[in-house]
Structures are given as C-alpha cells and as structure tokens.
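Undergrad: Fold the following for me, if possible:
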Amino acid sequence: MGHTVFFGSCVLANLIEGVLGKKAAGGLRKVQDYVLASVLFPMSMIVTVVFWGMYAVDRELIFPAALDKIIPPWINHVWHTTIVPVLLLEMYLVHHRHPSRRAGLTGAVTVGIVYVIWVLIVAQVGGFWVYPFMAAMSNFQFFLFCCLVAVIGCSFYLLGEFCNKIFWGSRETSRKEKKKA
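TA: Now for the predicted structure:
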C-alpha cells in the first residue's frame, strides 16, 4: 500500500507542477524524498530479502502452500519481488534528495518499531501471528529476530543512500558550502 500512496503522490505532484508551477509541489517533493529514502527503500528490501530467504528455507513458515489457492503466484511476486526493481528504477530515473543520515535512520527505525508494535497487537488481540514463523519463536528469539532485522534495515538505508550517490553523484550542497556562499 505504501508504494501505491507514494506513486500516487508522484502523479499528484506532477499535476500540481504542471498547473501551478514547480514551487507549488516543493513541499510534497520533500516528503516524497524522505519517505522513499527512509521508509520505502529499506522496508522494501527487508520484505524482499526476508520473505524470499525464509521461503527458500521453509515456505510454510512465511507463505504456506495453502495460500496458493487464494493468492496467485503473480500477486505474490508483485508483493514480494517487483517492489525492489520498481524502486531502483524510480531512484535511477528521478533524483531524490536523501535526508541527513540521522533523520533518515530515525525515520526507518521509527517505522520499524511501529510495525513491530502492530504485529504484537495483532498477536495479542487477534490471537494469531501475522507471520506464521513467529508463532514458533520464544520471546528471546523474537527479540533477536527484531534486532537482526533492524540492523539489516539500517544497512539497507545506507545501501539506498549509496545507490542514490551512484545514480546521481553528489548533487547535494553541504551546509558548510551554503554558509560560505
């Protein structure tokens, strides 16, 4: 859903720019840049790597075969595979300014914590785990898993920052350079 909202906001920003001019969509573009860098890219990488990694080990733990009757394989790939190449293409075709590393990592970690809280609420109130493999974990194993995913997510944030620099070079002007001018 996050991707749909993000790309929908891109269309909206393009329409606003077309009608009202580039400055009118400036605030929306800043939000898009932040969300792409700190939330969408790292979380999409986590989804793809963790999902397919666990699927390769034991698919019943992450996506039981019984779901194949309900969810066609192509939808599974839309949810768990195509999200990364589509975001990489977006990052390659459109220059997005990365937030400071501190702000970006803060956003990524905050969204991750909120997501874990939501998973725990569903388990407590709904009586089931959103991901079947979590039912087999002790509290300590769940904690270690969350810590591991947090480290991986922060690494993916840094990877997104690196990809942005590879695709676009160092276009950002540092604060020091702005003060000198």
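
Undergrad: wait, what's in contact with Leu159?
TA: By Cβ atoms under 8 Å, 6 or more residues apart in numbering, the contact list for Leu159 reads 41, 45. For the C-beta atoms, the positions are set from N, CA and C on the backbone; glycine is no exception.

Undergrad: what sits against His3?
TA: Contacts of His3 (Cβ under 8 Å, 6+ apart): 40, 44, 83, 86-87.

Undergrad: For this structure, just list every one of the helices.
TA: 2-20, 26-35, 41-58, 73-80, 83-93, 101-121, 139-168, 175-180 (DSSP state H).

Undergrad: For those, give me a markdown table that also has mean pLDDT and distance to Tyr131.
TA: Below are the helices of the chain laid out as a markdown table (pLDDT from 0 to 100; distance: least, Cβ to Cβ, whole Å):
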| stretch | mean pLDDT | distance to Tyr131 |
| --- | --- | --- |
| helix 2-20 | 80 | 18 |
| helix 26-35 | 88 | 24 |
| helix 41-58 | 92 | 9 |
| helix 73-80 | 88 | 12 |
| helix 83-93 | 92 | 17 |
| helix 101-121 | 95 | 8 |
| helix 139-168 | 95 | 10 |
| helix 175-180 | 48 | 42 |
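
Undergrad: so can I have JSON lines of the ones you listed showing distance to Ala66?
TA: Converted to JSON lines, those look like this (distance: least, Cβ to Cβ, whole Å):
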{"stretch": "helix 2-20", "distance to Ala66": "26"}
{"stretch": "helix 26-35", "distance to Ala66": "34"}
{"stretch": "helix 41-58", "distance to Ala66": "14"}
{"stretch": "helix 73-80", "distance to Ala66": "13"}
{"stretch": "helix 83-93", "distance to Ala66": "24"}
{"stretch": "helix 101-121", "distance to Ala66": "21"}
{"stretch": "helix 139-168", "distance to Ala66": "24"}
{"stretch": "helix 175-180", "distance to Ala66": "55"}
